[in-house]
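Need coordinates for the below:
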Amino acid sequence: MNKYLLNGLYGLLGMIMISAIAFKIVQPIKVLPRLQLAPAFNLIDQNGQQFISENLRGQFVIFTFTYTQCPEPCFEINETIQEVQSRLGEVQLEGIPVTFVTISIDPERDTPEALNKYALSLGANSDQWKFGTTTNQALLKTIIGSGFETYYEKKDDGSFSFDPTFILVDGWGIVRAEYRYATEVSSADRILRHLGVLADEVRNSKGTTKLAYEAAHLFLCYAP
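Numbering: from 1, shown residues only. So this is what the prediction gives:
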């Protein structure tokens, strides 16, 4: 066997052993799984400004999908976001910003003006809670349907059938948790707890402890 390949294998095994030992020393460590990369996007927000995914790097982001004419369960989605927003002080975020992004699935009616009016009706702080969409229907379907794996479909009466969903993305643009009404009732408590888990990971992922966190991801000690 090529000696360089052999040395590489030894190095990999050594890293795994060190990670396992570090994990053993500092456990228990709870982590959220790294599910997938969140999709890149280029939207127009409620202020008529360009809003791109790169603007969110270094922040924790909670994505939701709805439309301004939506009846139930959209009220519950908004109420959950409002509760999380009002209770962020309960989580030790160490200065890490949290942003809420609501993407409209109805770009024909949800112009920036309509989104701004909707945001105002919810008392949303535009610096922290962004509403956006794109008139490119194919791109929107790619972002939401393929990228975030969230179903929606326009019905004959102009309303939409969709899965009410919350998606938590970390500062590296990686999806770390999904909360779907189709399978469970998402709660503000659970979202806040997961924000705390992510903040702990950012705060403690240094030196030996970083190896322990990587080991935790390897063995996936999931934080429910």
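
what about the chain, any weak spots by pLDDT?
1-28, 72-73, 181-186, 207-224 (pLDDT under 70).

So which residues of it form strands?
36-37, 42-45, 50-52, 60-66, 98-104, 129-133, 152-154, 160-162, 165-169, 174-180 (DSSP state E).

Name the strands paired with the fourth one and say parallel or antiparallel.
Strand partners for strand 60-66, identified by DSSP bridges, are recorded as strand 98-104 (parallel), strand 165-169 (antiparallel).

Format the ones you listed as TSV; extra columns: mean neighbour count and distance to Leu37.
Quick note: C-beta positions are derived from backbone N, CA and C, even for glycine. Shown next, in TSV, are the strands paired with strand 60-66 (neighbours: other Cβ atoms under 10 Å; distance: least, Cβ to Cβ, whole Å):
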stretch	mean neighbour count	distance to Leu37
strand 98-104	23	16
strand 165-169	24	9
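
OK, contacts around the closest residue to Pro107 other than its chain neighbours?
Leaving aside its sequence neighbours, Pro107 sits nearest to Thr133 (Cβ to Cβ, 6 or more residues apart in numbering; 4.4 Å). Counting by Cβ atoms under 8 Å, 6 or more residues apart in numbering, Thr133 touches Leu43, Ile44, Ile103, Ser104, Ile105, Asp106, Pro107, Asp110, Leu115, Leu140.

what sits against the last one?
Counting by Cβ under 8 Å, 6+ apart, Leu140 touches Ile103, Ile105, Pro107, Thr133, Thr134.

do that again at 7 Å, thanks
With contact set as Cβ atoms under 7 Å, 6 or more residues apart in numbering, Leu140 has these partners: Pro107, Thr133, Thr134.

hmm, back to that, ok, which of the strands of the chain comes nearest Thr80?
Ranking the strands of the chain by proximity to Thr80 (Cβ to Cβ) places strand 165-169 first, at 7.1 Å.

how many degrees apart are that closest one and strand 174-180 in direction?
Interaxial angle, strand 165-169 versus strand 174-180 (axes from the mean of the first three to the mean of the last three Cα atoms, to 10 degrees): 160 degrees.

Provide the contact partners of strand 165-169 at residue level.
Residues contacting strand 165-169 (Cβ under 7 Å, 6+ apart): 38, 60-65, 148, 150, 175-180, 186, 191, 194.

about what we covered before: can you tell me which of the contacts of Thr133 lies closest to Ser205?
Nearest to Ser205 among the contacts of Thr133, with distances taken as Cβ to Cβ, is Ile103, at 29.5 Å.

Quick check, that closest one in contact with Gly147.
No - the pair Ile103 / Gly147 is not scored as a contact, 10.3 Å apart, by Cβ atoms under 7 Å.
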